[in-house]
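Undergrad: Below: sequence and its predicted model.
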Amino acid sequence: MAIDTSENNNLKVTFQFTPASSVSETGTTEKAESIINTINASSISSAINLMNSYIGKELSLSHCKLIVFSEELASQGISDEIFTLMNDNQVRPSTNIVISKCSAKSYIENSKPLLEPLLTKYYEVYNNSSQYTGFTTDATIGDFFNHLNCKNCEAFAILGGINSEQNNPDTSINSQKDSAIKANDSSVTGDLRSENVGLAVFKDDKLVGELTAIENLCFLCTRNDIDGFLISVPAPNDDSKYIDIYLTPAKDCRINVDIINGSPYIKVDYKFTGRIYSMTKTSDYLDNVNLIAISESCNSYLRSVFTSYLYKTSKDLNSDINGFGEHALNNFFTLEESGKYNWQKNYKNSFFDVTVDTNVKSGFLLM
């Protein structure tokens, strides 16, 4: 389901679905072409009712895998739509939610299940890459609804868009800047034009900003929601060169929040183990001195990236998508005291103390 703004305060709701899949003589499931229909209506419920009349069958949202909101609608506030959808007992809380930088209808039209035979299967697995790249996230409407009703955190959603030659940056972009991309400006071209890179950040129910791929990676590491990721860090003796390292969390990120002189003081401790991916003929990554220097370079680079990300969420966006407010509750004796402090208002006054401990080992086979 894709939801856009329309004239006269109406909504433009687009439905994408497939007819029943057919089985060929060989016993394999044939790929069915998707059907896309759009209706202008005063509400989502009215749009569904009109669609039922149009197709002559009753739509069931129990198998809806994805709900897309346009950036324009999200900037105006989408609490009414979220509450309406969650009030429908057919909508599963595990349904993913995307904020599209293009129109929601265009995003749906450019989503093609290239590697999956069924449309529903494609939408079910297409964001699994968040666990091994960190460039997108698994954001559901159930989590979004919970965060809207939480006084100690803020909501977020997947950031989507369309890659095209008009949107693509210079194709000569170097590797260390690959992680600075976000949806609608990646260097990827191909048959699958829709893409999910980065994170849409909300304050209450309104879209207030976007995170790039590397910032989304920081978000996942802070929430302990990633298995591993590839990152390019400056070489110890030459800042113009970068080394590709695959990092995995050695321990869960540790968070401690104190209230000092009315301002949050947040300590965040990250621990990683790493393997070197990029190799050259002259690489000497078995030498312990070199490995220590690479680990220190990795620590310095990640500390800078994490610190920049955390201050962006507090100073620029004033949105605690990390849920630090939950860790701040131990500074108050009662929920009434916590409510009077108003964490969502005071998060912008936060100070951060970030520590990173990385143990980089040599490569995989070339040892």
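TA: It's in. Numbers count the residues shown, from 1 in each chain.

Undergrad: Let me see the ranges of the strands in the stretch 1-150 of the chain.
TA: 2-5, 11-17, 35-41, 66-70, 96-100 (DSSP state E, counting those that start in this stretch).

Undergrad: Nearest to residue 137, out of those strands?
TA: For these, distance to residue 137 was read as Cβ to Cβ. The smallest value, 9.6 Å, belongs to strand 96-100. In short, each C-beta sits where N, CA and C put it, glycine included.

Undergrad: just to revisit the earlier point, could you identify which of the strands of the stretch 1-150 of the chain is most buried?
TA: Most buried of the strands of the stretch 1-150 of the chain by mean neighbour count (mean count of other Cβ atoms under 10 Å) is strand 96-100; its value is a mean of 27.

Undergrad: name the helices or strands packed onto that one?
TA: strand 66-70, helix 71-76, helix 104-109, helix 141-148, strand 156-162 (3 or more Cβ pairs under 8 Å, 6 or more residues apart in numbering; DSSP states H and E).

Undergrad: how about the CA coordinates for that strand, as CSV?
TA: Provided in CSV are the C-alpha atoms of strand 96-100 (Å, rounded to 0.1, in the frame of the first residue of the first chain):
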residue,chain,number,x,y,z
ASN,A,96,7.5,-2.7,7.1
ILE,A,97,7.1,1.1,6.8
VAL,A,98,8.9,3.2,4.2
ILE,A,99,9.2,6.9,3.7
SER,A,100,9.8,7.6,0.0
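
Undergrad: Give me the distance between that strand and the centre of its chain.
TA: Distance of strand 96-100 from the chain centroid (Cα atoms, centre = their mean, to the nearest Å) equals 9 Å.

Undergrad: measure residue 47 to residue 85 for me?
TA: 12 Å (Cβ to Cβ, to the nearest Å).

Undergrad: List the contacts of residue 9.
TA: The contact partners of residue 9, taken as Cβ atoms under 8 Å, 6 or more residues apart in numbering, are residue 42.

Undergrad: Tell me what residue 267 is bridged to.
TA: Listed beta-bridge partners, residue 267: residue 256, residue 353 (assigned using DSSP bridges).

Undergrad: returning to that earlier point: the helices and strands packed on strand 96-100: which one's closest to residue 285?
TA: strand 156-162 (35.4 Å).

Undergrad: For that closest one, what is the distance to the chain centroid?
TA: The mean C-alpha position of strand 156-162 is separated from the chain mean by 7 Å, Cα atoms, centre = their mean.

Undergrad: With stretch 303-322 instead?
TA: Counting by Cα atoms, centre = their mean, stretch 303-322 comes out at 15 Å from the chain centroid.

Undergrad: list the buried ones in that stretch?
TA: For stretch 303-322, the neighbour count (16 or more other Cβ atoms under 10 Å) marks 305-307, 309-310, 312-314, 317-322 as buried.

Undergrad: any low-confidence regions in this protein?
TA: Applying pLDDT under 70 to the chain flags the ranges 20-32, 115-117, 126, 164-178, 184, 186-192, 281-283, 286, 363-367.

Undergrad: could you redo the last one with a cut-off of 80?
TA: 18-34, 112-130, 163-180, 182-193, 238-239, 278-287, 362-367 (pLDDT under 80).

Undergrad: residue closest to the middle of it?
TA: residue 137 (3.4 Å; Cα atoms, centre = their mean).

Undergrad: Tell me how far the nearest residue to that one once chain neighbours are set aside lies from residue 34.
TA: Excluding its sequence neighbours, the residue lying closest to residue 137 (Cβ to Cβ, 6 or more residues apart in numbering) is residue 130, at 5.0 Å. According to Cβ to Cβ, residue 130 and residue 34 sit 24 Å apart.

Undergrad: Among those two, which residue is more densely surrounded?
TA: residue 130 (21 against 16; other Cβ atoms under 10 Å).

Undergrad: quick revisit: save the strands of the stretch 1-150 of the chain as CSV, and put in distance to residue 151 too.
TA: Shown next, in CSV, are the strands of the stretch 1-150 of the chain (distance: least, Cβ to Cβ, whole Å):
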stretch, distance to residue 151
strand 2-5, 27
strand 11-17, 29
strand 35-41, 33
strand 66-70, 23
strand 96-100, 21
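
Undergrad: What count of nearby residues applies to residue 163?
TA: 22.

Undergrad: so it touches residue 197, yeah?
TA: No - Residue 163 is not in contact with residue 197 according to Cβ atoms under 8 Å; the separation is 9.0 Å.

Undergrad: still on that earlier bit, quick one: closest of the helices and strands packed on strand 96-100 to residue 239.
TA: Ranking the helices and strands packed on strand 96-100 by their distance to residue 239 (criterion: Cβ to Cβ) puts strand 156-162 first, at 30.0 Å.

Undergrad: Now do the closest one: which elements does it pack against?
TA: Against strand 156-162 (3+ Cβ pairs under 8 Å, 6+ apart) you get strand 96-100, helix 104-109, helix 141-148, strand 194-203.

Undergrad: What strands line up against it, and which way round?
TA: strand 96-100 (parallel), strand 194-203 (antiparallel).

Undergrad: okay, these in a markdown table with distance to residue 141 next?
TA: Compiled in a markdown table, those are given as follows (distance: least, Cβ to Cβ, whole Å):
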| stretch | distance to residue 141 |
| --- | --- |
| strand 96-100 | 5 |
| strand 194-203 | 13 |
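
Undergrad: ok so residue 245 is a helix residue?
TA: No - read with DSSP: H, G, I helix; E, B strand; the rest coil, residue 245 is strand and lies in no helix.

Undergrad: So in terms of bridging, what pairs with it?
TA: Counting by DSSP bridges, the residues bridging with residue 245 are residue 231, residue 276.
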